[in-house]
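Visitor: got a predicted model here, sequence first, then my questions.
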Amino acid sequence: MTDETTTTTNGAPPPLEPLIYDLSSPGRTGAILPDPDVPEATLPDSLLRDRLDLPEVSEIDVVRHFLRLSRFNYSIDQGFYPLGSCTMKYNPKLNEDMARLPGFAQVHPLQDPSTNQGALALMHELQNWLAAISGMAGVSLQPAAGAQGEFAGILMIRAYHLANGDPGRNVIIVPDSAHGTNPATTAMAGLKVVEVPSDANGDVDLDKLREVCGDTIAGMMITVPNTLGVFERNIEAIIETIHGCGGLMYMDGANMNAMMGIARPGDLGFDVMHYNLHKTFSTPHGGGGPGSGPVAVGEKLLPFLPGPVVSVVDEGSEDEPPLYGLTMPEKSIGRLKAFYGNFGMLVRAFAYIAIHGAAGLKDVTQHAVLNANYIRARLKGTYPMPIDRICGHEFVCQGHFGADEKAGESGTESHEIHALDIAKRLMDYGFHPPTNYFPLIVPEALLIEPTETESKESCDAFVEAMLAIAKEAGENADLLHNAPLTTPVGRVDEVRAAKQLVLCCKPDIADVPSVDVPSVDVPPVVEPPAADLPTPDDSSLPAKQAEPDEGPEPKS
Amino acid sequence: MGDWKTPENAKYTKNDEWILVEGNTAKIGITDYAQDQLSDLVFVDMPETGTMLEKGDTFATVESVKAASDVYTPAGGEIVAVNEALEDNPELINSDPFGEGWIIQIKLGNPDDLDGLLSAAAYAKFCDERDA
């Protein structure tokens, strides 16, 4: 690594942790392997090589290295995390206990369903609960994250129109305040995007919407409350308009934390939506775990759900519990993922819903909305609020000061403060920055979402920091331009980071001669039939395969 | 406010593109206001020459450290040249949006497409309104 890449824009050499390869010492090992208890076999020469590009480190080297790295990080367990639109709520530790129960943690997806009825019962119950919370007819837990949920939703809408003999419907309407994933999903599904603008109050412009409606419309994707944090007051008229021209309505469920127990998308007339279990239902995210994006649909799309879904295959009786099994919906758009969704996340979300119950979930939403409105009201007057009305679980304000003192042609230092400067300075006060420069339609946007997690005291502490920063903006612009000053790494050069896509975990990667690995005939993977699972000592098991390792490659 | 350049000889759109007609061809790019709002550009997804565009079509995506935005053509026609310098130096759009930062050159398909585009004065006013 060169000096250039370790210098921050404020000039201070950051106390960076060395790369794990820098800690390597020839011959050092982290573990002593036991003598083999099976006969040794000789590998073919073609699979042998004399140099493995792995760091040679002891266990304590590894533990300290990664612990130190983890301390450069920031997490919800550490402090306030108002990352708007991401719903960074606390992940209760009880969820983790539940997910680690052996009956959930040690099931294998290829087990015969008769041997994991508990896991299937949990999934079935979760499907029912998510259907009840959304007011929808059915749910598939397949999608691995929100974006995949969106993808499933749009594929279902397309499949519905095709099944109706209506192949000309290939346009999805997306408001200009939408999450970037909405147009991306549409493009990925092979459909066309038409954008409609928002009006001055942050609602969809109904006249413009009516202009673009017609017989090519497959549907519309919309987030409720929208990404400006406000409830779409025209939602019934929007849904009526889209249904009126033959389209279906997709709700991006990213902001369900403002709706649980208050309003149900199915009751509003939506045909399909996705949840983000990792937002609304407290499963870890942001590096803490995989996402989970179940889709919920109304009656029209029920046959098209991605599968398999969990169904009751035998009702049982007074003495016999029902038997659960995995089934494919009649006209399913198919699988989206190996096996049955991110199961560990399903257990955590189940635990969260079970603990709260219906009344508790409503309470969650009310506290999330109250917290957001409290902070909004306290910051109003200091930070401009382009949409000045009661918000949902988040709100957008503008982080822009000193525009009038912009450096003129004299070349003096600018006193202008931008949203990015405020976001960075918040780190010095011990807070995670809010989402910034999103939604795109608000210049210098700071999107703030406290969630129900925070107490009045922590909301107040955040407000005080924001007010102090606004004061600093007027008195000491340089302080903000150079922030953060107290973090392990200072202001990073985002332009270079975005332009020089060199991600490399090995410093001398360019010096390593490439290893010539000859191709080998790898026997095909044998998928054992689910009902007839071989035991570990079964000689029919395919031998463990050696995977050709081409060594790390520099990414560019 | 409002110290963005808006050269008189170009026409503008409310999506912050400019078009400069030179005979039967025209150069197209994004405005000074647009580059200022986007801040440092890091990537431009360029079209290929020979592509046929209709007025309003997306022909490129500009990506900054803040956001990625589609660029729409103010007029239809065939792309006869793309600014290959932007591939390695997208910041040319920041430093010289109306000069070295041009994005494509088209052979004008229909001169009527230019009707209804904004004059420099009207566009400058539009920028000021949004900045207010």
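Guide: Looks like it came in fine.
Visitor: only C-alpha atoms for contact and neighbour calcs from this point on.
Guide: Fine.
Visitor: got the contact list for the residue most central in space within chain B?
Guide: Geometric centre of chain B, nearest residue: residue B:29, 2.2 Å, by Cα atoms, centre = their mean. The contact partners of residue B:29, taken as Cα atoms under 8 Å, 6 or more residues apart in numbering or on different chains, are B:17-19, B:97-98, B:101-104.
Visitor: one more pass at 6 Å, please.
Guide: Residues counted as contacts of residue B:29 (Cα atoms under 6 Å, 6 or more residues apart in numbering or on different chains) are B:17-18, B:102-103.
Visitor: ok, residue A:272 next?
Guide: Residues near residue A:272 by Cα under 6 Å, 6+ apart: A:250, A:296-297.
Visitor: change it to 8 Å
Guide: By Cα under 8 Å, 6+ apart, the contact list for residue A:272 reads A:136, A:153, A:249-251, A:295-298, A:301.
Visitor: the residues you listed in helices, which ones?
Guide: Mapping the contacts of residue A:272 onto helices (DSSP state H) picks out residue A:153.
Visitor: which PyMOL command selects the buried ones in the contacts of residue A:272?
Guide: Entered in PyMOL, the line below selects the buried ones among the contacts of residue A:272, by 16 or more other Cα atoms under 10 Å in any protein chain shown:
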select buried, chain A and resi 136+153+249+250+251+295+296+297+298+301
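Visitor: tell me the one among the contacts of residue A:272 nearest to residue A:462.
Guide: When the contacts of residue A:272 are ranked by distance to residue A:462 (Cα to Cα), residue A:251 comes first, at 31.3 Å.
Visitor: you'd agree that closest one is up against residue A:226?
Guide: No. Counting by Cα atoms under 8 Å, residue A:251 stays clear of residue A:226, with 10.1 Å between them.
Visitor: need phi/psi at residue 99.
Guide: In the absence of a named chain, chain A is used. phi -70, psi -20 (degrees, to the nearest 10).
Visitor: what is the neighbour count of it?
Guide: Counted with other Cα atoms under 10 Å in any protein chain shown, residues neighbouring residue A:99 total 21.
Visitor: which non-adjacent residue is nearest residue B:39?
Guide: residue B:64 (6.3 Å; Cα to Cα, 6 or more residues apart in numbering or on different chains).
Visitor: what's across from that neighbour in the sheet?
Guide: residue B:41 (DSSP bridges).
Visitor: which of the contacts of residue B:29 ranks first by neighbour count?
Guide: Counting neighbours by other Cα under 10 Å, the top entry in those is residue B:18, with 31 neighbours.
Visitor: dump the residue contacts of it.
Guide: Going by Cα under 8 Å, 6+ apart, residue B:18 touches B:10-12, B:28-31, B:74, B:98.
Visitor: contact partners for residue A:159?
Guide: So residue A:159 contacts A:304, A:333 (Cα under 8 Å, 6+ apart).
Visitor: returning to what we had before: quick one: which of the contacts of residue B:29 sit in strands?
Guide: B:17-18 (DSSP state E).
Visitor: phi, psi of the residue nearest to the centre of chain B?
Guide: Residue torsions, per degrees, to the nearest 10, at residue B:29 are phi -160, psi -170.
Visitor: now residue B:33
Guide: Backbone geometry at residue B:33, expressed as degrees, to the nearest 10, gives phi -60, psi -50.
Visitor: for it, which non-adjacent residue is closest in space?
Guide: residue B:4 (5.7 Å).
Visitor: what separation do you get for the one you found and residue B:32?
Guide: Residue B:4 sits 6 Å away from residue B:32, taking Cα to Cα, to the nearest Å as the criterion.
Visitor: counting neighbours, go ahead and name the busier of these two.
Guide: Neighbours per residue (other Cα under 10 Å) separate residue B:4 from residue B:32, with residue B:32 holding more: 23 against 15.
Visitor: that older thread, report the beta-bridge partners for the residue nearest to the centre of chain B.
Guide: residue B:18.
Visitor: same thing with residue B:107?
Guide: residue B:25, residue B:78.
Visitor: was I right to think it contacts residue B:25?
Guide: Yes. Contact criterion Cα under 8 Å: residue B:107 and residue B:25 qualify, at 4.4 Å.
Visitor: on that earlier part again, how about the contacts of residue B:18, which pair is most distant?
Guide: Pairwise distances across the contacts of residue B:18 (Cα to Cα) peak at 14.8 Å, for the pair B:74 and B:98.
Visitor: who has more neighbours out of the two?
Guide: Shown here are residue B:74 and residue B:98; by other Cα under 10 Å, residue B:74 has more neighbours (27 against 24).
Visitor: and the helix ranked longest in chain B, what's buried?
Guide: The helix that spans the most residues within chain B, counting by DSSP H, is helix B:120-131. For helix B:120-131, the neighbour count (16+ other Cα under 10 Å) marks B:120, B:123-124, B:126-127 as buried.
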